[in-house]
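Colleague: structure for the following, please:
(chains A and B)
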Amino acid sequence: MNTPAQAHADAPRERRRFAAGLCLALLLVTGFCLATDLSLWFRNWPGNRAASANLMTIAIGDARRLFADTFFVKADAYFHSGMYPTIYDNRQSYKTPHIAEDSGAMKGKNTGDETKFLGPPRNWIDAFGRQFYPSVHTHLSEGGANGQEGEATVGEILSWLKLSSELDPKRVEVYAVTAYWLRRMDKIDDSENELREGLKENPGDPQLLFDLGRLLPQSHWRAQRLGSGITQSGGFGGQGQRPQQVYHRANSCLTRSLGRNGTSYQ
Amino acid sequence: MAARQIPAERESRTIYPLLAKPISRTEVLLAKFFGCWLATAVTLIAFYAFFGLMAMSKEHHWPMTNYFQAVWLHWIMLGVIIAMSLLGSLVFTAVSSNVTICFIAVTFILMLGRHLDKVAMQVGEPARSLLMGLFFAIPHLEFFDVRDLVIHNWPSLHWLVCLKATAYGAVYGAFFLLAACLIFRRRALN
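Modeller: Here you go, the predicted model:
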């Protein structure tokens, strides 16, 4: 049982507890009020990542461009079956990824011999160690690591390119490179879809439009279909036209059409 | 796991009844080493089998020789690391410091080991000589990492190369174990 003296001594402690409780309640109410006000502002803020439909954008923000670049280079490393220069090697012949250089999507800046960036063995450890990692230059499109791989093996790079384009949809060359290698693998429809995907993200991009036009004569059936479609729409004639003429006219027609309508043509 | 073996025995004082039996300290240490090494083998085989099955389901072929060489060399590398950790557990007082130092050393060797001589050529003396000395002294664990060859379907290694790498790993493993045995034999247990 508390004596009157103890009760008197406890009174300031009680008051302090009450004051602390009051402060906590006040802070909670202030936080709640600020949250209601700030959430409205945040929703309309242009830098709001949560507004993005892309989960990757929400998770990693602009760092996704860095990852996109890494995956693009990774695709090139897979194209070389893992034989790729590290930051300690001479990278003069690997400044531009070879998959992009071969496709014409990027202007090549490579100099030197791409097959000899390792140079001669520097010592016995280097010479012995080269047997434990890919150290012979090879391309997946030319037989790969064991020299017996078919053109279909190039498909190994596609998943990396897909990741790259998903992370940075504005990077046009990734679509162009993907479309080129799909075309090499005789997957014309997939190649076209890839270019269309790229155009959806980068409307009117001249490189993608050009590649889309270049894709058409690869399939005779497609050229015929396009030719008849253009004839029906009151354009140029179908019968007797050479594929070269169809290609040039289709290309210019597509360019104009896409420039006018944005992203797609029928 | 290897880093905790001896310190845990000392902390719980189970090392005393263990050494009271007619076995030497060297035998205790070797038993600890082989116990850890076999445990890692089981885990390693499980991981490689899982990866191999996944790859086989996609590629419809399983280059057995490549996988065997990869598992074998990887296991040899783990043997060297276990021996290094056992030595570390006798040199460093705290388990955490041993684990951290071993982790940093292994990561450093795997990432920079084979490039150390190139880095050495870029710097002046005496750093150059020091780095070159380090380059030749460290165990080149990258010799045992042939995962890139497996992933990219490179032809399997020549068996003689595999044998040389095994001998290289055995030399370093034996060196660390011998050093650990020498320290453990002279170390007071209290």
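Colleague: count residues in the vicinity of residue B:66, would you?
Modeller: 19 (other Cβ atoms under 10 Å in any protein chain shown). Any C-beta I mention is one placed from the backbone N, CA and C, and that applies to glycine too.
Colleague: what helix or strand is it on?
Modeller: Here residue B:66, judged by DSSP states H and E, is contained in helix B:64-91.
Colleague: and that helix, what's buried?
Modeller: Neighbour counts using 16 or more other Cβ atoms under 10 Å in any protein chain shown place B:66-67, B:69-90 of helix B:64-91 among the buried residues.
Colleague: residues from chain B in reach of chain A?
Modeller: Within chain B, the positions near chain A by Cβ under 8 Å from any Cβ of the partner chain are B:73, B:114-115, B:117-119, B:135-136, B:140, B:142-146, B:148-149, B:151-155, B:157-158, B:161, B:164-165.
Colleague: among those residues, which ones are buried?
Modeller: Among the residues of chain B next to chain A, the ones that count as buried (16+ other Cβ under 10 Å) are B:73, B:114-115, B:117-119, B:135, B:140, B:142-146, B:148-149, B:151-154, B:157, B:161, B:165.
Colleague: of the residues you listed, which belong to helices?
Modeller: B:73, B:117-119, B:135, B:148-149, B:151, B:161, B:165 (DSSP state H).
Colleague: what is the least confident helix or strand in chain A?
Modeller: helix A:220-232 (a mean of 52; mean pLDDT, DSSP states H and E).
Colleague: need the pLDDT of residue A:253.
Modeller: Predicted confidence (pLDDT) for residue A:253: 56.
Colleague: again with the one 5 residues further on
Modeller: The confidence metric pLDDT takes the value 55 at residue A:258.
Colleague: residue B:132 now?
Modeller: Reading off the model, residue B:132 has pLDDT 91.
Colleague: ok, now the one 4 residues further on?
Modeller: Each residue has a pLDDT score; the one for residue B:136 is 91.
Colleague: how about residue B:173?
Modeller: For residue B:173, pLDDT reads 93.
Colleague: what is the helix or strand hosting it packed up against?
Modeller: Element membership for residue B:173, per DSSP H and E: helix B:159-186. Where contact means 3 or more Cβ pairs under 8 Å, 6 or more residues apart in numbering or on different chains; DSSP states H and E, helix B:159-186 is packed against helix B:25-59, helix B:64-91.
Colleague: what helices and strands are in contact with the shortest one?
Modeller: Contact partners of helix B:64-91 among helices and strands, from 3+ Cβ pairs under 8 Å, 6+ apart: helix B:5-11, helix B:25-59, helix B:95-112, helix B:147-151, helix B:159-186.
Colleague: isn't residue A:76 up against residue A:102?
Modeller: No: if you go by Cβ atoms under 8 Å, residue A:76 and residue A:102 don't touch, sitting 10.1 Å apart.
Colleague: more neighbours, those two?
Modeller: residue A:76 (20 against 17).
Colleague: for that one, list the residues it contacts.
Modeller: The contact partners of residue A:76, taken as Cβ atoms under 8 Å, 6 or more residues apart in numbering or on different chains, are A:84, A:94, A:97-100, A:157.
Colleague: how close does it sit to chain B?
Modeller: Distance, residue A:76 to chain B, using Cβ to the nearest Cβ, to the nearest Å: 13 Å.
Colleague: go through the host helix or strand of that residue and flag the buried ones.
Modeller: Using DSSP H and E, residue A:76 falls within helix A:63-79. Under the neighbour-count criterion of 16+ other Cβ under 10 Å, helix A:63-79 has A:64, A:67-69, A:71-79 buried.
Colleague: next one: stretch B:37-54
Modeller: So for stretch B:37-54, counting by 16+ other Cβ under 10 Å, buried means B:37, B:40-41, B:44, B:48, B:52.
Colleague: what residues are up against the residue of chain B most remote from its centre?
Modeller: The C-alpha centroid of chain B is most remote from residue B:60, which lies 32.6 Å away (Cα atoms, centre = their mean). Counting by Cβ under 8 Å, 6+ apart, residue B:60 makes contact with nothing.
Colleague: chain B contacts on the stretch 51-200 of chain A?
Modeller: Looking at chain B, the residues of the stretch 51-200 of chain A close enough under Cβ under 8 Å from any Cβ are A:78, A:81-82, A:86, A:88-89, A:122-123, A:125-126, A:128-129, A:131-134, A:144-146, A:149.
Colleague: distance of the residue nearest the centre of chain B relative to residue A:149?
Modeller: Central residue of chain B (Cα atoms, centre = their mean): residue B:81, 2.2 Å from the mean position. Distance, residue B:81 to residue A:149, by Cβ to Cβ, to the nearest Å: 34 Å.
Colleague: same check, this time on residue B:165
Modeller: Taking Cβ to Cβ, one finds residue B:165 at 27 Å from residue A:149.
Colleague: tell me where the stretch 1-150 of chain A has helices.
Modeller: Ranges of helices in the stretch 1-150 of chain A, per DSSP state H, counting those that start in this stretch, are A:4-44, A:55-60, A:63-79, A:98-103, A:124-129.
Colleague: most tightly packed of these?
Modeller: Among the helices of the stretch 1-150 of chain A, the stretch with the highest mean neighbour count (mean count of other Cβ atoms under 10 Å in any protein chain shown) is helix A:98-103, at a mean of 20.
Colleague: centre of the chain to that helix, how far?
Modeller: When C-alpha coordinates are averaged (Cα atoms, centre = their mean, to the nearest Å), helix A:98-103 and its chain have centres 16 Å apart.
Colleague: contacts for that helix next, please.
Modeller: A:72, A:75-76, A:79-80, A:106, A:108, A:110, A:114, A:139, A:141, A:157, A:173, A:176-177, A:180-181.
Colleague: now do stretch B:65-76
Modeller: A:132, B:37, B:40-41, B:44-45, B:48, B:52, B:143-147, B:149-150, B:154, B:156-157, B:162, B:165-166, B:169-170, B:173.
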